[in-house]
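quick one, what's the 3D model for this:
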Amino acid sequence: TVTGSGFTADATISAINFNGVDIKPTGTITVSSTGVFIATVIVPAVAYGTYPVDAVDSASAIASTTFVVGAAITISQNSGPTGTVLVVNGRGFTPAAGSPPVGVPLAFRIYRTLGSVSAPMPEIVNIVTSSTGTFQGEIVVPTVPTGIANDPTSVYTIEAADGSEIATATFNVTATTVFT
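Take a look at the predicted model:
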């Protein structure tokens, strides 16, 4: 989904260019009275990297940005205490290969976005890639230091890596789980 702002009110979008190729869907995309438009586009198959994207309206207003194509992960929730079980989905990783296909094992770790705390992420089961480079699995947020909820010292980066590709997601540790 592409969201643009600062365009000419009530104009139409004439082009959405990805690396110089127009990827605007067919049909009319109308800019709102506040200069905003939203469009769903399909990014062409390209090598991993950073690509220019721009949109142009019928009054010649233009806006540009960049888009990164690469591996990505999503997690089932963005905050919780240590001990939280997260479902993690990934795409764009090294595909399983061979006959029968053998998945590439993934390594997970968590580290504080601000600071130097780093810890491995226990997996509930061994997580490997599929023949399309995707995966789904469960990981457990380990015991790590926490600050006040939503304090920058409580924000951690969860990283998935397969030896070639790396992707990250952000998780806010709200409390430490303690057993007595």
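
who's in contact with N126?
For N126, the contact set (Cβ atoms under 8 Å, 6 or more residues apart in numbering) comprises P105. C-betas here are computed from N, CA, C, even on glycine.

again, 10 Å this time
Contacts for N126 (Cβ atoms under 10 Å, 6 or more residues apart in numbering) come out as G103, P105, L106, G137.

where in the protein is pLDDT low?
Low-confidence segments of the chain (pLDDT under 70): 113-124, 147-153, 178-180.

how far away is I29 from F67?
I29 is 18 Å from F67, where distance means Cβ to Cβ, to the nearest Å.

show me which of the two is the more surrounded one.
Neighbour totals were compared for I29 and F67, and I29 leads with 20 against 14 (other Cβ atoms under 10 Å).

that one contacts G4, doesn't it?
Yes. Between I29 and G4 there is a contact under Cβ atoms under 10 Å: 9.2 Å.

overlap in contacts, those two.
Common neighbours of I29 and G4 (criterion: Cβ under 10 Å, 6+ apart): I13, I16, F37, I38, A39, A55, D57.

tally of neighbours for S154?
By the criterion of other Cβ under 10 Å, S154 has 21 neighbours.
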